[in-house]
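K.L.:
here's a sequence, model it:
(chains A, B, C, D, E, F, G and H)
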Number of protein chains: 8
Amino acid sequence: MNKYIDLDFAKLDIDRIKRRGYCEAVFCECKSNDQLLNIFRSFKEAGSNVLGTRASKEQAQILMEKFADLVQYDETSKTLTLIQNEIEKIGEIAICTAGTGDVPVAEEAARTAQFYGSNVKRYYDIGVAGIHRLFDKLEEIKKANVIVAVAGMEGALASVIAGLVDIPVIALPTSVGYGTGFKGLSALLTMLNSCAEGITVVNIDNGYNAGYSAGQINRLIEGKK
Amino acid sequence: MNKYIDLDFAKLDIDRIKRRGYCEAVFCECKSNDQLLNIFRSFKEAGSNVLGTRASKEQAQILMEKFADLVQYDETSKTLTLIQNEIEKIGEIAICTAGTGDVPVAEEAARTAQFYGSNVKRYYDIGVAGIHRLFDKLEEIKKANVIVAVAGMEGALASVIAGLVDIPVIALPTSVGYGTGFKGLSALLTMLNSCAEGITVVNIDNGYNAGYSAGQINRLIEGKK
Amino acid sequence: MNKYIDLDFAKLDIDRIKRRGYCEAVFCECKSNDQLLNIFRSFKEAGSNVLGTRASKEQAQILMEKFADLVQYDETSKTLTLIQNEIEKIGEIAICTAGTGDVPVAEEAARTAQFYGSNVKRYYDIGVAGIHRLFDKLEEIKKANVIVAVAGMEGALASVIAGLVDIPVIALPTSVGYGTGFKGLSALLTMLNSCAEGITVVNIDNGYNAGYSAGQINRLIEGKK
Amino acid sequence: MNKYIDLDFAKLDIDRIKRRGYCEAVFCECKSNDQLLNIFRSFKEAGSNVLGTRASKEQAQILMEKFADLVQYDETSKTLTLIQNEIEKIGEIAICTAGTGDVPVAEEAARTAQFYGSNVKRYYDIGVAGIHRLFDKLEEIKKANVIVAVAGMEGALASVIAGLVDIPVIALPTSVGYGTGFKGLSALLTMLNSCAEGITVVNIDNGYNAGYSAGQINRLIEGKK
Amino acid sequence: MNKYIDLDFAKLDIDRIKRRGYCEAVFCECKSNDQLLNIFRSFKEAGSNVLGTRASKEQAQILMEKFADLVQYDETSKTLTLIQNEIEKIGEIAICTAGTGDVPVAEEAARTAQFYGSNVKRYYDIGVAGIHRLFDKLEEIKKANVIVAVAGMEGALASVIAGLVDIPVIALPTSVGYGTGFKGLSALLTMLNSCAEGITVVNIDNGYNAGYSAGQINRLIEGKK
Amino acid sequence: MNKYIDLDFAKLDIDRIKRRGYCEAVFCECKSNDQLLNIFRSFKEAGSNVLGTRASKEQAQILMEKFADLVQYDETSKTLTLIQNEIEKIGEIAICTAGTGDVPVAEEAARTAQFYGSNVKRYYDIGVAGIHRLFDKLEEIKKANVIVAVAGMEGALASVIAGLVDIPVIALPTSVGYGTGFKGLSALLTMLNSCAEGITVVNIDNGYNAGYSAGQINRLIEGKK
Amino acid sequence: MNKYIDLDFAKLDIDRIKRRGYCEAVFCECKSNDQLLNIFRSFKEAGSNVLGTRASKEQAQILMEKFADLVQYDETSKTLTLIQNEIEKIGEIAICTAGTGDVPVAEEAARTAQFYGSNVKRYYDIGVAGIHRLFDKLEEIKKANVIVAVAGMEGALASVIAGLVDIPVIALPTSVGYGTGFKGLSALLTMLNSCAEGITVVNIDNGYNAGYSAGQINRLIEGKK
Amino acid sequence: MNKYIDLDFAKLDIDRIKRRGYCEAVFCECKSNDQLLNIFRSFKEAGSNVLGTRASKEQAQILMEKFADLVQYDETSKTLTLIQNEIEKIGEIAICTAGTGDVPVAEEAARTAQFYGSNVKRYYDIGVAGIHRLFDKLEEIKKANVIVAVAGMEGALASVIAGLVDIPVIALPTSVGYGTGFKGLSALLTMLNSCAEGITVVNIDNGYNAGYSAGQINRLIEGKK
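P.N.:
The predicted model follows:
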């Protein structure tokens, strides 16, 4: 039987390291301050690391007051970490963005991948409108085990990269854009319909899952879970 | 006062060469055989050239029987022409497709542009999944006055081309693809949301309007309407 | 090899005048104040002109404090310019709006076209609900090399104009309207499905690309890039 | 209590002339031949007129064999009529189409209006791509009590007409078009978002309801129901 | 030639009473205070009545300060009127709402109809969830020349009313509701697909056009424009 | 451990009567003839009853040849039954349709409910366009334990019924209609947004689930599973 | 004849207990403070219980000041109750949520069911990402008469539960999620397309109708309305 | 410089093994018979293996006549292979389907993965409606390097599996279903919005890309490209 801590409003999966090979992440967006404090306290007591995503500045301050140096907050990616056990990072993931506006989502992916034990290299603002910027970095990008291609607007970056490399590309659409960008839908459809193979896609703005999935593949290639 | 021939079910714009600078085109798809014969006969008698689009093979046969050598049909593009006055072709339009499936729509654009007096060069199956095929042809493509970029699926070709040239790109989405391609919607959205400037877009599978618009711009650049 | 300035979060394309024939524009909306200052400083030092679009009043104030008279802001169109080299304007573009609410988007198009070296004439509030207003201006409009037709709601202006002229019409849908206007989708679909030829379309509210594309065509017709 | 004939699979509203002022119409599309024969026989015996819409040629033949001269079929509009009481027609409705492809839907509207006692004048193929065709007929169109504006593709005809007249315009979108016409959706949205007042809209391809509603208004203006 | 006042950003149609039989309305939502003052001043000087729709409380206060008692504001419907010539009201329009939340849109319709010279009777909160409330009022409703049926959520009110009367029903969907109500889309679709005839539909929340169209029909039935 | 028969391409749940209280149904639409024969043979040998839904006439003939009188087919509802154990029917479900076109889907619901042991009464063609037909049957309908309201087009029937009764209403939208009916979407949205309580909804044309769910509730009310 | 109190802007259905077996609920969201006070005063005087849904904190305070202890407010579910007659609760409903973010909608369902006389057990945060949490509670959940399965994001909880039990499952999608969650649309579609039978669905975030419908079925199973 | 064979209508990427590590696949659906013969002949001469997807039975027969035993066709998956060099298969991919109807798409994935050098195990018809079927196979499934989860309708299978394993899950939505399944859209949204991490998604019915991507990851984990 799997173990979890039952907080009534939430069931915390402390047994997860055994079952899935990874520790837990908390989606902070629709949690109250009390709920968040309760959850972090429980993990603190269980001696586990925790990653919080989509955390507001206010939520971060409350947790940092309570847990002091154990908790770190990154404002760009809105991620929170409580680290009690050192994280060994292996392999390499390349995270590429089409534009500057895609950086917050890319950072959520990057920090998630790092939290789960992968090295990350960042290549930002190399979209297809000035394709020479991508070609400049291509040889370096190809050395990674996995690529995360982050783009809003028309999202063509993933297709172009996948046509040039022979490693898995995880396409991460962002809600950057306006009008018929439809808050990321245009980028998502581009990525799903790519004529280049080897692209798989995650939800719009879901940097967490892109980073998690890239990390999982990277570690398996390196021979570890 | 403008003149037209009133056939009751249709009003034929024979005065159009004066008013708009171009002669008429006929959308054949929802015309009956009798209507089509009537329309072509009227233009024949008026001494005008005519272009028919989306014509079925059966429609073509009926007209070719009636008007013999004056009428020509191209099965790939489903275009019909009745030519009574020689067409002088000037300038150059580059028509590029991402894949082989986009060729019928590209041919509708090409033949429309030719009918309205432009030279056309074709660059087919140069999509971004194998981007070196595009780079091979790039210098040649850049010599045109206007580019028509034809693509279904994720439609990234237009963005990539527009990032590399400094001439107008007319993006022509096709319904090639399946699933979330949504019959061309994915390609259309990509093209509308391109991060490269200088792209304007026409309706899905509307080779006629892409060819017409490209021809109009090409001729104006060459100093003629 | 193309040159660009690598600011880490952004790669500035200072070599663009050679490659594409035009200098750079900056989409300000999702840039931080620091990023924006960095970007403008780099272009300043490189001796280049810059156009900023979708800039907030607050962003404008910060840049105007820093660069004083070199930077100008237009509140209606939310465009910023840093001008170090005089711009010669040639040819003529007619920018027409259906209503008063479409003016901000039209102004973005107008100022973009001017920045890239085209003359612009404005014809505002001449929509089809009172079509005599359009006919009053028609002869004047026809003198332009290119027309930009700006409309929200049902967006019929582009169709009606294109039926009356023999020059390219770039249709620019706006998000003006409510209910089934779906933030510009209705106008966009109208423009894509026009029964008049010679219309090509840009993204909803994308005054920048409409102005850029119209300017590019206008300059090519005038024999310059 | 209202009366109706209960056929088990259908309940026929023979009392409707008293209750609503009009006799019944039958939507033939998803009726079996037996059901249709039963329904028409019941109305025949009740001495009522009937209108059948969306009737196939095969359905028409079966009914014409059975009821001989009493039943008439129009192939273009796919309408069937069984007439036992003479219909007096009053007033005038103008039915205008943008193109030739819209004629079948326009004819369903026209024949429905005639069946319910209105005179109809037809103005076909006067769409906005060649707006002089509309202006030619305008004075005549203005003499009607109600206008039905029938259009597919971008559907701009209704807006333009409503801006020029001071009588009610019923806008009838058709599924003519392709790509982003989305089977009439583009025309429907145009009509709903018209910047001209006095337009009300019916379902795509619903010639029956457009004709019925126009007829109802026409007769009320003439002082009769 | 039609006359209008050219304010540069707007062209005011003062000749409209002659051309269309009605005076002008102003959509206030995207006008600046200065633009609004200019527009109202022009109509004031021309001696015309004006109706303003979607006016904010702040806009109303500025105009009421300027034009004192001539301008009246109704907060529920957000309509403004400047009345210089007395309005004679004739005939009768029944305006029915399904719920209490639909009242603001219904009031925009009611006040528009009154401004254009029709009498209005209101029947609010008589939706189909408690259908006896509708039946209570039915005989009274039937005395009108036209019915406006206003409903959000599932919008079934229009269908049920149209099945019970023999006068025109203008269906006015509202954005009341949540989830799959999709801001009025559900109500709109219900109304467009009604199985009862004699319903025509306007845009979501477009009380202005519903009131205008109902008034136009009502006045024509009463023998006046 | 639950038992099932593993046919490789399918896993048959013969243990389901114990686990869920009901025997199995087979969705025939995308099964090959061989697969279907295999599946029915397995249930035959296990001594179980089976219901097949969406079976083509051809599929039915193949099974009837093989299993003779044990298998029965109903062409309207496209349901197949193999009955080896007598079915006792209890309680009562009222199945109501708005129109004649909704009958095939209603019959799938009716026959599913009967197969799972409920009595069914049918009330067809009682839609809101002629609401007196519904009121005629209302007292009888109220005697059921559960109502299934089946409607396409605008789907208002469910709302009206639920406002008049105090028993559960399962709303079953059908794809009957055209244009903006969007193959049942309009009816579905109407049903989900009903202002009357006590309505729950199933998928478009899913007579099977409506019948199953109604039967389950009916049997629980009667005190049996 | 049914009785109701006519407040002009609202018609209160005090006779409803007789007609439908249940007393009234008030949707507070688009009511003014005055309207709400009027409505609650009328029910108070009629001696009826009332449930208010989607009430803001401010609305609650105004009513609690006026009616003191008779009115209770729950902030999580935004429900208000005015209780004058004791409510007897019978049977059992299991309300399950996938996550913590779904709790507010679940609480609206729970409190509605309780108001209408049903016992409720809550099972929160048992979504399919850690399916052992569901299995832990399964035997207990199966004892209910009805299950309400509340989930946002991908909404798979309802399918999984329905595959494991033989009692009715009412699926309640929530707007929890982002990107392609489309404010609950993804969860709704999942629930409508479930491959497990016995699931019926309500509108996104409509806890009120889910609680009402579950309560109605629960009470009927217990032999009471 | 990369090499390819230029067939005019197609550019064949024979150099791809070097560049991307994999040989070519051909999307047969919109190729003419002549085009297909030309393409296969070119690869045949170049000594390369080829995979054809979405090939019709007729296309297969033509190729098998020409190339005899070299070409093999699988009717379920519609895949064609021309094998000239033996394929060594390594590692293991688990391909799971929710139902029997998903098998053709699953087979396209399976055969693609095999063509590109991976071993495949199949687990068909183990959807969540009978979740014990999944649990029966779980230990075996967990031994794979990658899982492909194939499902139409509500597509919950991917979420449930991903919650139980710690290896990458590629979710492959199929167009199996009807009504609000919207040809696979419902399954796609479910998969994109999964609350379980480690799921990435491909286009609806795109078995080819799912198999390709799974194979790529599998081979990298095994230490080979």
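K.L.:
what's the separation between the residue nearest the centre of chain A and residue A:118?
P.N.:
In chain A, the C-alpha nearest the mean C-alpha coordinate belongs to residue A:109, at 2.1 Å (C-alpha atoms, centre = their mean). Residue A:109 is 11 Å from residue A:118, where distance means C-beta to C-beta, to the nearest Å. (C-beta placed from N, C-alpha, C; glycine too.)
K.L.:
measure residue A:120 to chain E for me?
P.N.:
39 Å (C-beta to the nearest C-beta, to the nearest Å).
K.L.:
can I assume that residue sits in a strand?
P.N.:
Yes: judged by DSSP: H, G, I helix; E, B strand; the rest coil, residue A:120 forms part of a strand.
K.L.:
now the nearest residue to it once chain neighbours are set aside. Its backbone dihedrals?
P.N.:
The shortest distance from residue A:120 to any non-neighbouring residue, by C-beta to C-beta, 6 or more residues apart in numbering or on different chains, is to residue A:110 (4.6 Å). When quoted as degrees, to the nearest 10, the phi and psi of residue A:110 stand at phi -60, psi -50.
K.L.:
so residue A:110 makes contact with residue A:76?
P.N.:
No: using C-beta atoms under 8 Å, residue A:110 makes no contact with residue A:76, being 9.9 Å away.
K.L.:
who's more crowded, these two?
P.N.:
Neighbours were counted for residue A:110 and for residue A:76 using other C-beta atoms under 10 Å in any protein chain shown; residue A:110 has more, 27 against 15.
K.L.:
who's in contact with the more buried one?
P.N.:
Applying C-beta atoms under 8 Å, 6 or more residues apart in numbering or on different chains to residue A:110 gives the contacts A:77, A:93, A:95, A:120, A:122, A:207, A:211.
K.L.:
let's see if you can find the most crowded of the residues you listed.
P.N.:
Result: residue A:211 is most packed of the contacts of residue A:110 (other C-beta under 10 Å), 36 neighbours.
K.L.:
wasn't it part of a helix?
P.N.:
Yes: judged by three-state DSSP, residue A:211 forms part of a helix.
K.L.:
report pLDDT for it.
P.N.:
In this model, residue A:211 is scored at 98, pLDDT.
K.L.:
dump the host helix or strand of residue A:113 to PDB, restricted to CA.
P.N.:
With elements taken from DSSP states H and E, the one containing residue A:113 is helix A:103-115. Provided in PDB are the C-alpha atoms of helix A:103-115 (Å, rounded to 0.1, in the frame of the first residue of the first chain):
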ATOM      1  CA  VAL A 103      11.700  33.300 -21.200                       C
ATOM      2  CA  PRO A 104       9.400  33.000 -18.100                       C
ATOM      3  CA  VAL A 105       7.900  29.800 -19.300                       C
ATOM      4  CA  ALA A 106      11.300  28.500 -20.400                       C
ATOM      5  CA  GLU A 107      12.700  29.300 -16.900                       C
ATOM      6  CA  GLU A 108       9.900  27.200 -15.300                       C
ATOM      7  CA  ALA A 109      11.000  24.300 -17.500                       C
ATOM      8  CA  ALA A 110      14.700  24.900 -16.800                       C
ATOM      9  CA  ARG A 111      14.300  25.100 -13.000                       C
ATOM     10  CA  THR A 112      12.000  22.000 -13.000                       C
ATOM     11  CA  ALA A 113      14.500  20.000 -14.900                       C
ATOM     12  CA  GLN A 114      17.300  21.100 -12.600                       C
ATOM     13  CA  PHE A 115      15.200  20.300  -9.500                       C
END
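K.L.:
moving C-terminal of the worst-scoring helix or strand of chain A on mean pLDDT, what's the next helix or strand?
P.N.:
Here the helix or strand of chain A ranked lowest by mean pLDDT, DSSP states H and E is helix A:16-20, holding a mean of 64. The element immediately downstream of helix A:16-20 (helix or strand, assigned by DSSP H and E) is strand A:25-27.
K.L.:
and that next one, what does it pack onto?
P.N.:
helix A:33-46, strand A:50-53 (3 or more C-beta pairs under 8 Å, 6 or more residues apart in numbering or on different chains; DSSP states H and E).
K.L.:
other SSEs contacting the shortest one?
P.N.:
The helices and strands touching strand A:50-53, judged by 3+ C-beta pairs under 8 Å, 6+ apart, are strand A:25-27, helix A:33-46, strand A:79-82, helix A:103-115.
K.L.:
the same query, at a cut-off of 7 Å, please.
P.N.:
Judged by 3 or more C-beta pairs under 7 Å, 6 or more residues apart in numbering or on different chains; DSSP states H and E, strand A:50-53 is in contact with strand A:25-27, strand A:79-82, helix A:103-115.
K.L.:
okay, stretch A:151-159 in CSV with CA atoms only?
P.N.:
What follows is stretch A:151-159, C-alpha atoms only, in CSV (Å, rounded to 0.1, in the frame of the first residue of the first chain):
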residue,chain,number,x,y,z
ALA,A,151,7.7,29.5,-28.6
GLY,A,152,4.5,31.6,-28.7
MET,A,153,3.1,33.4,-31.8
GLU,A,154,3.5,31.0,-34.7
GLY,A,155,5.7,28.5,-32.9
ALA,A,156,7.8,27.5,-35.9
LEU,A,157,11.0,27.1,-33.9
ALA,A,158,10.3,23.4,-32.9
SER,A,159,9.8,22.3,-36.5
